[in-house]
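1. Could you look at this predicted model? Sequence included:
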Amino acid sequence: MTAIVTDGLRSYRAALKDIGGAGKQETGRWLNNRVENSHLPFRRRERAMQRFRQIKTLQKFSAVHAAFYNHFNQDRHLISRDHFEARRSATIAEWQALAG
């Protein structure tokens with residue numbers, strides 16, 4: 001490992017100092033973008049759930065939300081319009097059968 005890329009948070013510097021990696025830390029304006037962008041889906045969900053006061057309620061919501069999102073998210077950008085419409089129709093029909 002040649003470098004550890006972090007943002008400028010002081011606690012990272014202190015932790016790296018404790019484990020002997022203080023010289024390997026790199027901080028820079030755009031170096032951390034790759035890491036931050038990988039957290040975007042989680043942060044989006046986190047922002048939607050900020051109003052929850054109890055962790056139990058939050059866990060229930062996130063479990064249901066994940067199931068619905070995975071069911072209805074068809075990755076539109078990866079398939080043609082015809083396939084997308086066919087999949088969407090099948091998904092809606094399955095949902096109506098389950099709900100009805």
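-> Structure received. Residues are numbered from 1 along each chain as shown.

2. Quick one: residues in contact with the worst-scoring helix or strand of the chain on mean pLDDT.
-> Sorting the helices and strands of the chain by mean pLDDT, DSSP states H and E puts helix 33-38 at the bottom, at a mean of 70. The contact list for helix 33-38 (CB atoms under 8 Å, 6 or more residues apart in numbering) reads Val5. (C-beta placed from N, C-alpha, C; glycine too.)

3. Dump the helix or strand harbouring Ala93 to CSV, restricted to CA.
-> Assignment of secondary structure by DSSP states H and E places Ala93 within helix 81-99. Output in CSV follows, covering the C-alpha atoms of helix 81-99 (Å, rounded to 0.1, in the frame of the first residue of the first chain):
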residue,chain,number,x,y,z
ARG,A,81,-37.2,1.0,-24.4
ASP,A,82,-39.2,-2.1,-25.5
HIS,A,83,-37.5,-4.3,-22.9
PHE,A,84,-38.0,-1.6,-20.3
GLU,A,85,-41.7,-1.3,-21.0
ALA,A,86,-42.2,-5.1,-20.9
ARG,A,87,-40.4,-5.4,-17.6
ARG,A,88,-42.3,-2.5,-16.1
SER,A,89,-45.6,-4.0,-17.2
ALA,A,90,-44.6,-7.3,-15.7
THR,A,91,-43.5,-5.7,-12.4
ILE,A,92,-46.7,-3.7,-12.1
ALA,A,93,-48.8,-6.8,-12.9
GLU,A,94,-47.0,-8.8,-10.2
TRP,A,95,-47.4,-5.9,-7.7
GLN,A,96,-51.1,-5.7,-8.4
ALA,A,97,-51.4,-9.5,-8.0
LEU,A,98,-49.7,-9.3,-4.6
ALA,A,99,-51.6,-6.3,-3.4
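
4. Show me what that helix is packed against.
-> helix 55-72 (3 or more CB pairs under 8 Å, 6 or more residues apart in numbering; DSSP states H and E).

5. domains in this protein, as residue ranges please.
-> With domains defined by automatic domain parsing, the chain comprises 4-37, 53-99.

6. now these in a markdown table, with distance to Arg47 and mean neighbour count?
-> Formatted as a markdown table, the domains of the chain follow (distance: least, CB to CB, whole Å; neighbours: other CB atoms under 10 Å):
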| stretch | distance to Arg47 | mean neighbour count |
| --- | --- | --- |
| domain 4-37 | 14 | 12 |
| domain 53-99 | 13 | 11 |
